[in-house]
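> sequence and predicted model, in that order:
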Amino acid sequence: MPGIHSSRYAGPDADDQANNQKLLQALRDVAGPDRAAHFYCAMVFVRHAEDPAPLIATGKWPGRIMEQPQGEGGFGYDPLFWVPGNECSSAQLSPKVKNSLSHRRQALNALTVQMKDEFSN
């Protein structure tokens, strides 16, 4: 959880704070090691509506859900997402560092490689 419904986790009109509070409530009895989480991104390049073989790339950013928010940057679940190796929440990372680590960057990098392979002929 919250999966693909992350922006609406606490309801259709909920804001980031409400979504974060609902997640913390759902994990209130879950110990640190069991609070593993990840951000996931899938990017697809479709050449046309009937494309039989679109290019598909994914990115996965592992971390864990903290017990309370930390940091003022970012958006969404960033204040709750602990980034191993950086020893802080993703809301505490500079935008440059966050963007270099993120699941979106990973997916974009993978899609770029596929596109270069596909269109370099």
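It's in.

> please make it C-alpha for all contacts and neighbour counts, starting now.
Fine.

> for the spatially most central residue of the chain, helix, strand, or coil?
Nearest to the mean C-alpha position of the chain, by Cα atoms, centre = their mean, lies F39 at 2.8 Å. Secondary structure, DSSP: H, G, I helix; E, B strand; the rest coil: F39 is strand.

> ok, it - contacts?
Contact analysis of F39 by Cα atoms under 8 Å, 6 or more residues apart in numbering lists 60-62, 102-103.

> got the residues you listed as TSV, with pLDDT columns?
Conversion of the contacts of F39 to TSV gives the following (pLDDT from 0 to 100):
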residue	pLDDT
K60	97
W61	97
P62	97
S102	96
H103	97
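
> out of those, which is most surrounded?
H103 (21 neighbours; other Cα atoms under 10 Å).

> isn't that one up against W61?
Yes. Between H103 and W61 there is a contact at 4.9 Å, judged by Cα atoms under 8 Å.

> shared neighbours of these two, which are they?
Joint contacts of H103 and W61 (Cα under 8 Å, 6+ apart) are 39-40.

> who is the residue nearest to the centre of the chain paired with across the strands?
W61 (DSSP bridges).

> biggest helix in the chain, by residue count?
helix 103-119 (DSSP state H).

> what is the burial count for G73?
Neighbours around G73, by other Cα under 10 Å: 15.

> go on, the one 3 residues further on?
A count of nearby residues for G76, using other Cα under 10 Å, gives 17.

> any idea how many residues pack against the nearest residue to it once chain neighbours are set aside?
Closest residue in space to G76, ignoring its immediate chain neighbours: D16 at 5.0 Å, by Cα to Cα, 6 or more residues apart in numbering. Number of residues near D16 (other Cα under 10 Å) recorded here: 18.

> what residues are up against D16?
With contacts defined as Cα under 8 Å, 6+ apart, D16 is in contact with 7, 75-77.

> how far away is it from K22?
10 Å (Cα to Cα, to the nearest Å).

> likewise for K60?
Taken as Cα to Cα, the span from K60 to K22 is 23 Å.

> for A53, same thing?
Taken as Cα to Cα, the span from A53 to K22 is 39 Å.

> done for today, thanks.
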